[in-house]
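**Student:** this one's structure only:
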């Protein structure tokens, strides 16, 4: 496993040229994985399949969401398809289910992924009591007023229930 991690770290950064499409960029990354001599064939195939799965998940989320619910950024190149129910806890079907995702800007994705924020089914933003409020303010999160980002679908509410119950931090470390 360490060899795989080292090989991934050795992959040259891929610069997306303005005229390159996302598909061209993905093909370039796949070629780089295939051409990495320190990876075993099975590791190469696993990496490529995981990347393709992430692409399918993102496309499924984009059918439901158009922008970051908090920042309202709608440029797809600035958004991350973030799982409500984490990948590690999801079934194969849930991993690709668009209802299990939100499009978020990187900072908001970090807060959501680490359990510093979540959402009620009606769209109300929940801020974890352990979140560092001064940092949230610097990230343009209004901690003094309720924010409602709009209602979620029934499927999204189910995955957000899981997020609130299992990811949202409600207490500090023991």
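**Tutor:** Happy to help now that I have it. Here the structure is a predicted model, which is why all the values come from computation and not from measurement. Numbers count the residues shown, from 1 in each chain.
**Student:** for the most centrally placed residue in the chain, helix, strand, or coil?
**Tutor:** Taking CA atoms, centre = their mean as the criterion, residue 82 is the residue nearest the geometric centre of the chain, at 2.4 Å. When classified by DSSP: H, G, I helix; E, B strand; the rest coil, residue 82 comes out as strand.
**Student:** and what of residue 130?
**Tutor:** coil.
**Student:** again, but for residue 57
**Tutor:** Quick answer, by three-state DSSP: residue 57 is helix.
**Student:** so what's the residue count around the residue lying closest to it once chain neighbours are set aside?
**Tutor:** Nearest residue to residue 57 in three dimensions, chain neighbours excluded: residue 96, at 5.2 Å (CB to CB, 6 or more residues apart in numbering). (Each C-beta comes from the backbone N, C-alpha and C, glycine too.) Applying other CB atoms under 10 Å, we find 18 residues neighbouring residue 96.
**Student:** now do residue 96 against residue 58, distance only.
**Tutor:** Distance, residue 96 to residue 58, by CB to CB, to the nearest Å: 10 Å.
**Student:** next: residue 93.
**Tutor:** For residue 93 relative to residue 58 (CB to CB), the value is 16 Å.
**Student:** which one of the two is surrounded by more residues?
**Tutor:** Higher neighbour count among residue 93 and residue 58: residue 58, with 19 against 8, using other CB under 10 Å.
**Student:** is it correct that that one is in contact with residue 81?
**Tutor:** Yes - because the distance of 3.9 Å satisfies CB atoms under 8 Å, residue 58 is recorded as touching residue 81.
**Student:** so what sits against both of these two?
**Tutor:** Here residue 58 and residue 81 have residue 101 as joint contacts, going by CB atoms under 8 Å, 6 or more residues apart in numbering.
**Student:** so what touches stretch 59-78?
**Tutor:** Taking CB under 8 Å, 6+ apart as the rule, stretch 59-78 contacts 79, 81, 96-99, 101-106, 108, 119, 123, 125, 140-141, 147, 149-150, 153, 156.
**Student:** now the buried members of the residues you listed.
**Tutor:** Buried members of the contacts of stretch 59-78, scored by 16 or more other CB atoms under 10 Å, are 79, 81, 96-99, 101-105, 108, 119, 123, 125, 141, 147, 149, 156.
**Student:** cool, thanks, talk later.
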